[in-house]
Structures are given as structure tokens and as C-alpha cells.
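> 3D, please:
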Amino acid sequence: MRKILRPVLGLAFLASAAPAFAEETKPFTVNGSATLTSDYRFRGISQTDKGFALQGSMTVTHSSGVYASVWGSSIDDYVANGGDQELDLIVGYKKTVGGTTFDVGGLYYYYPGSSAVSANYNSDFLELYGSVAQTFGPATAKLTANYAPKSAALSLGKGKEDNLYLNLGLSSPLPNTPVSISAAVGRTFTKSFLSGGDTYTDWSLGASYTQGAMTFGLTYVDTSYGKKAIVSPSGKDVAKAGLFATLGVAF
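This is a model prediction of the structure:
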């Protein structure tokens, strides 16, 4: 009986251990999210006339660090000449070395229906980006640079314009809690349609609460633009300070 049990037990042990040895890292991972926000702010300026927006994203990442994403949001029609959607098509490469993460890529802003008012008008444009993020214990500091080459979509009416933007952010979870806090300051160094026609600074303070796949956030945002510097067709000051909430789910 012992001679029979020994090989059986040995095979059982090998079978139970086999998954640990045979398990392989999948070359591709897919992640997505869906978010409801009370105001969609892009670098401090409302894209929804201070109204609600539905947003969603899908990202496919290869184990090499290469990734491709699609991000979308509803917008108000004053942003893109009659279009009411924004789709961001992104391709990039991300690599982490120690506590430092490097991220570079290109982002194409696509606005379906942007020629609804003027048939020959095109709101779409390309932006290149790069960032360096460094962890300090639980906190992360991130410096990002975005540059949009000269494009007719960014014109202020005097030919093609480009756009340069820098942002420095700091974020951290609060130890032993589901709460995270963040702060950021950005600067637009060039005048273009994207910047509202002038150079300016934006900043924000935020907090979020995560439970499982759900995240609730509150963010305060403001810009250096003066009162009524950027007014939407409805008469709202869309660069004025404001507080907005988000409710998102990750999958």
C-alpha cells in the first residue's frame, strides 16, 4: 500500500504545484473605465459649459510597455464648431525603472461633426507628450510636457498656431484609508485656440474615495484668466474657478 501511495501523493503534489511553474504573464492586458462628471475641465477651462459629461476609456497594453488608448467625452458644441463629442486616440510607451516612470507618445484629438457649422473647418489636431513620474514613499510627483505642432485647428484667425503646455502634479493615497489627494499646476506658454487665445496658468486640488471598482472624486480648479475673459455662447464664464464631482468605475 505504501508503494502505491508514494507515487500517487507525489503526482498530486506536482499537479498542485504545476500552475505556479506553468503560469505565464499575458502579453496583452485590457483596461477600461466609465465616468460621470459634473463638469469636464480641460486645463482649467470647461468643455461642457459647466454642465455634465459622460466619459469612457479603453486601453490595451503590451508587456513591452507599448499601449494604445481611446478616450471619449461629451462636450458642448462651442468647443469644436458644432461637434458634441471628443475622441482622443493615443499611442505611447511607458517604462518604469526603480521608482521612476517614463511615458512618451502621441495623442490625436478627433471631434466628430466639427464641420457641421462650416463645411471646410477641421477641429482635429495632434499633440505629442512626455512625462516623468517619481515616487516618494506613497506619494508620486509627475512632470508632463505637451506640445501640439502648428495646426489650422489651433488658429486664432491669423494662420496656423502651435501650443506648449507644462504640468506638475503631486498625488498620494492617505495611509490605511481609501482616500487619495492630489494637487497640480499647469502653464500654457503659447497663444492658440486651445488656450483660449492667451497664455495662462491653471491649478487644481482634488480628493477621491475608492471602494472596489468605484471611485468618487471632488476637484477644485481655477485659472489665471480674469473675470469673463472666456465666455461661452450661453454667457457662462468657463475659465472661472469651480468645484466639480466625478463618479467612475474601472473594469
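
> isn't Ser57 right up against Ser73?
No. Under the criterion of CB atoms under 8 Å, Ser57 is not in contact with Ser73, lying 9.4 Å apart. No exception for glycine: its C-beta is placed from N, CA and C like everyone else's.

> helix or strand right after the helix-or-strand element of the chain with minimal mean pLDDT?
Evaluated with mean pLDDT, DSSP states H and E, the helix-and-strand set of the chain has its lowest mean pLDDT in helix 2-22, which scores a mean of 42. Tracing the chain past helix 2-22, the next element assigned as helix or strand by DSSP states H and E is strand 28-37.

> tell me the mean pLDDT for whichever helix or strand comes after that next one?
Elements were assigned by DSSP H and E; along the chain past strand 28-37, the next helix or strand is strand 41-42. Strand 41-42 shows an average pLDDT of 98 in the prediction.

> List the pairing partners of strand 41-42 within its sheet, with orientation.
Paired neighbours of strand 41-42 in the sheet (DSSP bridges): strand 45-46 (antiparallel).

> how about low-confidence regions in the stretch 1-150 of the chain?
Residues of the stretch 1-150 of the chain that meet the criterion pLDDT under 70 lie in 1-24, 116-119.

> repeat that with 80
Counting by pLDDT under 80, the stretch 1-150 of the chain contains low-confidence residues at 1-25, 82, 114-121.

> Settle this for me: Gly83 is touching Gly113, isn't it.
Yes. Checked against CB under 8 Å, the pair Gly83 and Gly113 is within contact range at 4.1 Å.

> what about the two, which has more around it?
Set side by side, Gly83 and Gly113 show more neighbours around Gly83, with 23 against 14, by other CB atoms under 10 Å.

> separation between the more buried one and Gly72?
The spacing between Gly83 and Gly72, counted by CB to CB, to the nearest Å, is 12 Å.

> Check Ala207 too.
From Ala207 to Gly72 the distance is 25 Å (CB to CB).

> So between those two, which is more surrounded?
Set side by side, Ala207 and Gly72 show unequal neighbour counts under other CB under 10 Å, the larger going to Gly72 at 18 against 14.

> what are the bridge partners for the residue positioned nearest the centre of the chain, then?
Among the residues of the chain, the smallest C-alpha distance to the mean C-alpha position (CA atoms, centre = their mean) belongs to Trp71, namely 7.9 Å. Taking DSSP bridges, one finds Ser57, Asp88 as the beta-bridge partners of Trp71.

> Same question for Phe216.
For Phe216, the beta-bridge assignment (DSSP bridges) gives partners Tyr209, Leu247.

> Just list the residues touching it, thanks.
Residues near Phe216 by CB atoms under 8 Å, 6 or more residues apart in numbering: 208-209, 245-247.

> Which members of the residues you listed are classed as buried?
Buried members of the contacts of Phe216, counted by 16 or more other CB atoms under 10 Å: 208, 246.

> how about the contacts of Phe216 in CSV, adding pLDDT?
Output for those, formatted as CSV (pLDDT from 0 to 100):
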residue, pLDDT
Ser208, 98
Tyr209, 98
Ala245, 98
Thr246, 98
Leu247, 98
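
> Closest one of the contacts of Phe216 to Phe125?
Taking CB to CB as the measure, Thr246 is the one of the contacts of Phe216 closest to Phe125, at 25.6 Å.

> How many neighbouring residues does Asp76 have?
Under the neighbour criterion other CB under 10 Å, Asp76 is assigned a count of 21.

> Then Gly92?
Around Gly92 sit 20 other residues, with neighbours defined as other CB under 10 Å.

> hang on, isn't it packed against Gly105?
Yes. Between Gly92 and Gly105 there is a contact at 2.4 Å, judged by CB under 8 Å.

> Strands along the stretch 101-250 of the chain, start to end?
Per DSSP state E, counting those that start in this stretch, the stretch 101-250 of the chain carries strands over the ranges 125-136, 139-151, 161-173, 179-188, 200-211, 214-223, 242-250.

> how about a markdown table for those, with distance to Tyr78 added?
What follows is the strands of the stretch 101-250 of the chain, written out as a markdown table (distance: least, CB to CB, whole Å):
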| stretch | distance to Tyr78 |
| --- | --- |
| strand 125-136 | 17 |
| strand 139-151 | 19 |
| strand 161-173 | 18 |
| strand 179-188 | 19 |
| strand 200-211 | 18 |
| strand 214-223 | 17 |
| strand 242-250 | 17 |
